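**Q** fold the following for me, if possible:
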Amino acid sequence: EAAAEYQKENPRKVYVAGDISMTGEQLAPMGTMDFEELVSIYKEQMESIKDLVDLFVIETMMSLQECRAALLAAKEVCDLPVMVSLTFNEDGRTLYGTDPATAMIVLESMGADAVGVNCSTGPDRMLEVITKMKEVAYIPIIAKPNAGMPRLENGKTVYDMEPEKFAEGVS
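**A** Next comes the predicted model:
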């Protein structure tokens, strides 16, 4: 809804997203960073680019707590649309154990304009996670799969899925 309203007020062919991702630091009690410090770090990043972008994309997140911190920072800094996507393991949970429905409910209730999944798997394995989100979602769902699980081969990132199979999986 916010994204559609923004497009009406700012019509053009190209929109620029400010991309935000994990800091690499763990929140207490697993790590040493506290939640408020993480919010401040994200606010600093977003403050520096908010006038240059049309929306924020918080992506490739493995921790619901870190998603919450980034989304809260975005809402405190500006009123731009915000999309959030997480990565999920083969067991259907994030690295920190959050299931897709919980992620959707929490982030939607905090004001995310779209929530979903990126990377982590190919389109064939992503469908189950998206389906679980869809059961509780009232906002758009993001699906940005990889062409399978990436691996390093002779210093080069290689994906298992051929282009034709990938296209078939997303259609």
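**Q** so residue 169, which of the three states?
**A** helix (DSSP: H, G, I helix; E, B strand; the rest coil).
**Q** residue 107 now?
**A** Each residue gets one of three states, and residue 107 gets helix by three-state DSSP.
**Q** per-residue pLDDT of it, please?
**A** The per-residue pLDDT reported for residue 107 equals 98.
**Q** list the contacts of it.
**A** Residue 107 makes contact with 64, 67-68, 71, 84, 115 under the criterion Cβ atoms under 8 Å, 6 or more residues apart in numbering. To be clear about C-beta, it is placed using only N, CA and C from the backbone, and glycine gets the same treatment.
**Q** switch the residues you listed over to CSV; also include secondary structure, distance to residue 26 and pLDDT.
**A** As requested, the contacts of residue 107 are arranged in CSV below (DSSP: H, G, I helix; E, B strand; the rest coil; distance: Cβ to Cβ, whole Å; pLDDT from 0 to 100):
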residue, secondary structure, distance to residue 26, pLDDT
64, helix, 13, 95
67, helix, 14, 97
68, helix, 14, 97
71, helix, 18, 98
84, strand, 19, 98
115, strand, 22, 98
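**Q** which one (most neighbours) among these?
**A** Ranked by the number of neighbours (other Cβ atoms under 10 Å), these place residue 84 first, at 29 neighbours.
**Q** quickly list what that residue is bridged to.
**A** residue 58, residue 115 (DSSP bridges).
**Q** my guess is it meets residue 61, correct?
**A** Yes. In this structure, residue 84 is within contact of residue 61 by Cβ atoms under 8 Å, at 6.9 Å.
**Q** who touches both of the two?
**A** Among the neighbours of residue 84, those also in contact with residue 61 (Cβ under 8 Å, 6+ apart) are 67, 70.
**Q** next structured bit after the helix or strand bottoming out on mean pLDDT in the chain?
**A** Of the helices and strands making up the chain, the lowest-confidence element is helix 2-9, at a mean of 75, by mean pLDDT, DSSP states H and E. Beyond helix 2-9 on the C-terminal side, the first helix or strand identified by DSSP states H and E is strand 17-20.
**Q** and the residue lying farthest from the centre of the chain, how far from residue 123?
**A** Distance to the chain centre peaks in the chain at residue 154, reaching 29.6 Å (criterion: Cα atoms, centre = their mean). Counting by Cβ to Cβ, to the nearest Å, the gap from residue 154 to residue 123 is 26 Å.
**Q** quick one on the thing from earlier: the least confident helix or strand of the chain: how far from the chain's middle?
**A** Averaging C-alpha coordinates over helix 2-9 and over its chain gives two centres that are 20 Å apart (Cα atoms, centre = their mean, to the nearest Å).
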